[in-house]
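Engineer: Pasting the sequence and the predicted model now:
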Amino acid sequence: MHHSIEVEHLTFQYPDGLQALSDVSLNITPGEKTALVGPNGAGKSTLILHLNGILTGNGSVKVCGLQVHPDNLKRVRAQVGMVFQSPEDQLFSPTVYDDVAFGPLYQGLPEQEVHTRVDQALAAVAMSAYKERVSHHLSMGEKKRIAIATVLSMQPEVLVLDEPTAGLDPRSRRGLINLLRQLPLTMLVSTHDILMVRELFPRMVIMDQGRIVADGPTETLLEDAALLEAHGLERPCDL
(Lines give C-alpha, C1' and ligand atoms only; values in the text may rest on other atoms or scores of the structure.)
Protein backbone atom coordinates (compact mmCIF):
# COMPACT_ATOMS: atom_id res chain seq x y z
CA MET A 1 0.00 0.00 0.00
CA HIS A 2 1.34 3.44 -0.93
CA HIS A 3 1.53 6.37 1.45
CA SER A 4 -0.78 9.29 0.73
CA ILE A 5 2.21 11.60 1.19
CA GLU A 6 5.81 10.45 0.97
CA VAL A 7 8.59 13.03 1.29
CA GLU A 8 12.19 11.80 1.38
CA HIS A 9 15.26 13.96 2.10
CA LEU A 10 13.70 17.13 0.68
CA THR A 11 15.89 20.24 0.63
CA PHE A 12 14.91 23.62 -0.80
CA GLN A 13 16.62 26.98 -1.06
CA TYR A 14 14.91 30.16 -2.28
CA PRO A 15 16.66 32.24 -4.97
CA ASP A 16 17.75 34.80 -2.35
CA GLY A 17 19.75 32.08 -0.60
CA LEU A 18 17.28 31.37 2.23
CA GLN A 19 17.52 27.69 3.18
CA ALA A 20 13.83 26.91 3.73
CA LEU A 21 13.95 23.08 3.98
CA SER A 22 16.82 20.86 5.11
CA ASP A 23 16.61 17.08 4.66
CA VAL A 24 12.88 16.81 5.42
CA SER A 25 11.31 13.34 5.37
CA LEU A 26 7.62 12.74 6.14
CA ASN A 27 5.23 9.87 5.46
CA ILE A 28 1.47 10.12 5.95
CA THR A 29 -0.73 7.06 5.55
CA PRO A 30 -4.18 7.02 3.92
CA GLY A 31 -6.87 8.39 6.22
CA GLU A 32 -4.39 9.93 8.66
CA LYS A 33 -5.04 13.46 9.94
CA THR A 34 -1.78 15.27 10.72
CA ALA A 35 -1.05 18.81 11.94
CA LEU A 36 2.08 20.68 10.86
CA VAL A 37 3.08 23.28 13.46
CA GLY A 38 5.99 25.58 14.19
CA PRO A 39 6.95 29.26 14.30
CA ASN A 40 6.73 31.60 11.33
CA GLY A 41 9.55 30.85 8.91
CA ALA A 42 9.82 27.22 10.02
CA GLY A 43 9.25 25.92 6.46
CA LYS A 44 5.67 24.70 6.83
CA SER A 45 4.23 26.54 3.83
CA THR A 46 7.31 25.78 1.74
CA LEU A 47 6.85 22.07 2.43
CA ILE A 48 3.16 22.19 1.56
CA LEU A 49 3.86 23.92 -1.76
CA HIS A 50 6.04 20.97 -2.80
CA LEU A 51 3.09 18.57 -2.55
CA ASN A 52 1.54 19.74 -5.81
CA GLY A 53 4.62 21.00 -7.59
CA ILE A 54 4.28 24.74 -7.01
CA LEU A 55 7.82 24.55 -5.63
CA THR A 56 10.46 21.95 -6.54
CA GLY A 57 13.44 21.14 -4.36
CA ASN A 58 16.05 18.41 -4.17
CA GLY A 59 14.75 15.10 -2.87
CA SER A 60 11.72 12.93 -3.54
CA VAL A 61 8.05 13.88 -3.16
CA LYS A 62 5.27 11.41 -3.90
CA VAL A 63 1.54 11.78 -3.37
CA CYS A 64 -0.84 8.85 -3.75
CA GLY A 65 2.01 6.86 -5.30
CA LEU A 66 2.70 9.49 -7.96
CA GLN A 67 6.06 11.22 -8.17
CA VAL A 68 5.56 15.01 -8.10
CA HIS A 69 7.11 15.81 -11.46
CA PRO A 70 6.16 18.17 -14.33
CA ASP A 71 4.91 15.20 -16.39
CA ASN A 72 2.52 14.19 -13.58
CA LEU A 73 1.31 17.56 -12.29
CA LYS A 74 -2.25 17.36 -13.65
CA ARG A 75 -2.75 13.94 -12.02
CA VAL A 76 -1.03 15.01 -8.80
CA ARG A 77 -3.17 18.14 -8.47
CA ALA A 78 -6.32 16.08 -8.91
CA GLN A 79 -5.23 13.93 -5.94
CA VAL A 80 -4.08 16.73 -3.62
CA GLY A 81 -6.65 19.37 -2.73
CA MET A 82 -4.70 22.48 -1.70
CA VAL A 83 -6.56 25.13 0.33
CA PHE A 84 -4.51 28.30 0.77
CA GLN A 85 -4.60 30.61 3.79
CA SER A 86 -6.37 33.37 1.86
CA PRO A 87 -9.56 32.26 0.06
CA GLU A 88 -9.01 35.14 -2.36
CA ASP A 89 -6.25 33.02 -3.92
CA GLN A 90 -8.86 30.45 -4.98
CA LEU A 91 -12.08 32.38 -5.56
CA PHE A 92 -11.98 34.41 -8.77
CA SER A 93 -15.09 33.46 -10.78
CA PRO A 94 -18.39 35.38 -11.16
CA THR A 95 -20.35 33.00 -8.90
CA VAL A 96 -19.80 30.34 -6.25
CA TYR A 97 -20.96 27.72 -8.77
CA ASP A 98 -18.31 28.82 -11.28
CA ASP A 99 -15.57 28.70 -8.64
CA VAL A 100 -16.47 25.18 -7.53
CA ALA A 101 -16.95 23.99 -11.14
CA PHE A 102 -13.55 25.27 -12.27
CA GLY A 103 -11.56 22.17 -11.26
CA PRO A 104 -13.89 19.56 -12.77
CA LEU A 105 -14.12 21.61 -15.98
CA TYR A 106 -10.31 21.77 -16.09
CA GLN A 107 -10.30 17.98 -15.74
CA GLY A 108 -12.45 17.80 -18.87
CA LEU A 109 -15.46 16.17 -17.21
CA PRO A 110 -18.84 16.20 -18.99
CA GLU A 111 -21.29 18.93 -18.01
CA GLN A 112 -23.64 16.70 -16.03
CA GLU A 113 -20.75 15.27 -14.01
CA VAL A 114 -19.55 18.82 -13.29
CA HIS A 115 -23.04 19.72 -11.97
CA THR A 116 -23.03 16.63 -9.77
CA ARG A 117 -19.54 17.36 -8.42
CA VAL A 118 -20.48 20.97 -7.60
CA ASP A 119 -23.66 19.92 -5.79
CA GLN A 120 -21.81 17.26 -3.78
CA ALA A 121 -18.97 19.61 -2.84
CA LEU A 122 -21.27 22.42 -1.73
CA ALA A 123 -23.39 19.97 0.26
CA ALA A 124 -20.23 18.67 1.99
CA VAL A 125 -19.41 22.18 3.27
CA ALA A 126 -23.07 23.05 4.03
CA MET A 127 -23.15 25.79 1.37
CA SER A 128 -25.68 24.42 -1.13
CA ALA A 129 -27.84 27.54 -0.90
CA TYR A 130 -24.93 29.73 -2.01
CA LYS A 131 -24.53 28.35 -5.53
CA GLU A 132 -25.56 31.54 -7.33
CA ARG A 133 -23.98 33.97 -4.86
CA VAL A 134 -20.98 36.15 -5.71
CA SER A 135 -17.95 34.79 -3.87
CA HIS A 136 -16.34 38.11 -2.97
CA HIS A 137 -19.51 39.25 -1.18
CA LEU A 138 -19.32 36.39 1.33
CA SER A 139 -17.92 36.49 4.87
CA MET A 140 -14.45 35.12 5.57
CA GLY A 141 -15.90 31.95 7.09
CA GLU A 142 -18.15 31.42 4.07
CA LYS A 143 -15.26 32.05 1.69
CA LYS A 144 -13.12 29.45 3.48
CA ARG A 145 -15.91 26.88 3.09
CA ILE A 146 -16.26 27.67 -0.62
CA ALA A 147 -12.47 27.43 -1.05
CA ILE A 148 -12.62 23.93 0.46
CA ALA A 149 -15.52 23.07 -1.88
CA THR A 150 -13.40 24.11 -4.88
CA VAL A 151 -10.96 21.32 -4.07
CA LEU A 152 -13.56 18.77 -2.91
CA SER A 153 -15.17 19.00 -6.37
CA MET A 154 -11.96 17.46 -7.74
CA GLN A 155 -12.56 14.46 -5.43
CA PRO A 156 -8.98 14.44 -4.07
CA GLU A 157 -7.53 11.71 -1.89
CA VAL A 158 -5.57 14.20 0.23
CA LEU A 159 -6.66 17.59 1.63
CA VAL A 160 -3.88 20.06 2.48
CA LEU A 161 -4.78 23.29 4.27
CA ASP A 162 -2.64 26.29 5.21
CA GLU A 163 -3.85 28.13 8.35
CA PRO A 164 -7.55 27.25 7.86
CA THR A 165 -8.79 29.06 10.99
CA ALA A 166 -6.77 32.27 10.48
CA GLY A 167 -8.96 35.37 10.42
CA LEU A 168 -12.13 33.62 11.59
CA ASP A 169 -14.42 34.75 14.39
CA PRO A 170 -15.17 32.13 17.09
CA ARG A 171 -18.42 30.91 15.51
CA SER A 172 -16.89 30.54 12.04
CA ARG A 173 -13.84 28.82 13.53
CA ARG A 174 -16.03 26.31 15.36
CA GLY A 175 -18.02 25.64 12.19
CA LEU A 176 -14.83 25.04 10.19
CA ILE A 177 -13.44 22.66 12.82
CA ASN A 178 -16.69 20.67 12.75
CA LEU A 179 -16.53 20.58 8.95
CA LEU A 180 -12.93 19.28 8.91
CA ARG A 181 -13.85 16.62 11.47
CA GLN A 182 -16.52 15.24 9.14
CA LEU A 183 -14.45 15.07 5.95
CA PRO A 184 -13.25 11.46 5.39
CA LEU A 185 -9.94 12.39 3.75
CA THR A 186 -6.25 12.15 4.49
CA MET A 187 -5.44 15.59 5.87
CA LEU A 188 -2.29 17.66 6.40
CA VAL A 189 -2.91 21.03 8.01
CA SER A 190 -0.36 23.75 8.68
CA THR A 191 -1.56 25.89 11.59
CA HIS A 192 -0.75 27.99 14.64
CA ASP A 193 -4.11 27.00 16.19
CA ILE A 194 -2.89 24.55 18.84
CA LEU A 195 -6.36 24.14 20.37
CA MET A 196 -7.68 22.97 16.99
CA VAL A 197 -4.70 20.63 16.66
CA ARG A 198 -5.43 19.03 20.01
CA GLU A 199 -9.09 18.60 19.12
CA LEU A 200 -8.79 17.30 15.57
CA PHE A 201 -5.36 15.86 14.79
CA PRO A 202 -4.03 12.69 16.47
CA ARG A 203 -0.55 13.29 15.01
CA MET A 204 1.54 16.44 15.23
CA VAL A 205 4.70 17.30 13.30
CA ILE A 206 6.78 20.20 14.62
CA MET A 207 9.00 22.12 12.20
CA ASP A 208 11.61 24.75 12.99
CA GLN A 209 14.31 26.32 10.81
CA GLY A 210 13.48 24.10 7.86
CA ARG A 211 13.66 20.80 9.72
CA ILE A 212 11.25 18.39 11.36
CA VAL A 213 12.24 18.50 15.03
CA ALA A 214 9.46 16.29 16.47
CA ASP A 215 6.82 13.93 15.11
CA GLY A 216 4.44 11.96 17.29
CA PRO A 217 1.08 11.70 19.05
CA THR A 218 -0.37 15.17 19.60
CA GLU A 219 -1.19 14.59 23.26
CA THR A 220 2.34 13.39 24.00
CA LEU A 221 4.05 16.33 22.31
CA LEU A 222 1.68 18.86 23.91
CA GLU A 223 2.71 17.56 27.34
CA ASP A 224 6.35 18.47 26.62
CA ALA A 225 6.43 22.13 27.67
CA ALA A 226 10.19 22.44 27.10
CA LEU A 227 9.89 21.13 23.53
CA LEU A 228 7.06 23.52 22.70
CA GLU A 229 8.84 26.52 24.21
CA ALA A 230 12.07 25.70 22.39
CA HIS A 231 10.25 25.91 19.07
CA GLY A 232 8.07 28.96 19.61
CA LEU A 233 4.85 27.14 20.46
CA GLU A 234 2.48 27.88 23.32
CA ARG A 235 1.19 25.04 25.43
CA PRO A 236 -2.60 25.24 25.89
CA CYS A 237 -3.18 26.81 29.31
CA ASP A 238 -5.52 24.03 30.48
CA LEU A 239 -2.85 21.33 30.13
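Structural biologist: Nice, I can see it. What you are looking at is a predicted structure, and each value in this text was computed from that prediction instead of being measured.

Engineer: Any chance you could list what contacts the helix or strand harbouring Ala147?
Structural biologist: Ala147 is part of helix 140-152 when elements are defined by DSSP states H and E. With Cβ atoms under 8 Å, 6 or more residues apart in numbering as the test, helix 140-152 has contacts from 81-84, 87-88, 90-91, 96, 99-100, 102-103, 118, 120-122, 124-127, 130, 135, 138, 159, 161, 164, 167-169, 171-173, 175-176, 179, 183. To be clear about C-beta, it is placed using only N, CA and C from the backbone, and glycine gets the same treatment.

Engineer: Near the spatially closest residue to Arg203 that is not a sequence neighbour, how many residues? Count them for me, please.
Structural biologist: Closest residue to Arg203 apart from its sequence neighbours, by Cβ to Cβ, 6 or more residues apart in numbering: Thr34 at 4.5 Å. Using other Cβ atoms under 10 Å, Thr34 has 22 neighbouring residues.

Engineer: so Thr34 is in which element?
Structural biologist: With DSSP H and E as the test, Thr34 turns up in strand 33-37.

Engineer: Show me what that strand is packed up against.
Structural biologist: Judged by 3 or more Cβ pairs under 8 Å, 6 or more residues apart in numbering; DSSP states H and E, strand 33-37 is in contact with helix 44-50, strand 186-190, helix 194-200, strand 203-208.

Engineer: Nearest to Ala225, out of these?
Structural biologist: Ala225 sits nearest to helix 194-200 of all the helices and strands packed on strand 33-37, at 12.4 Å, using Cβ to Cβ.
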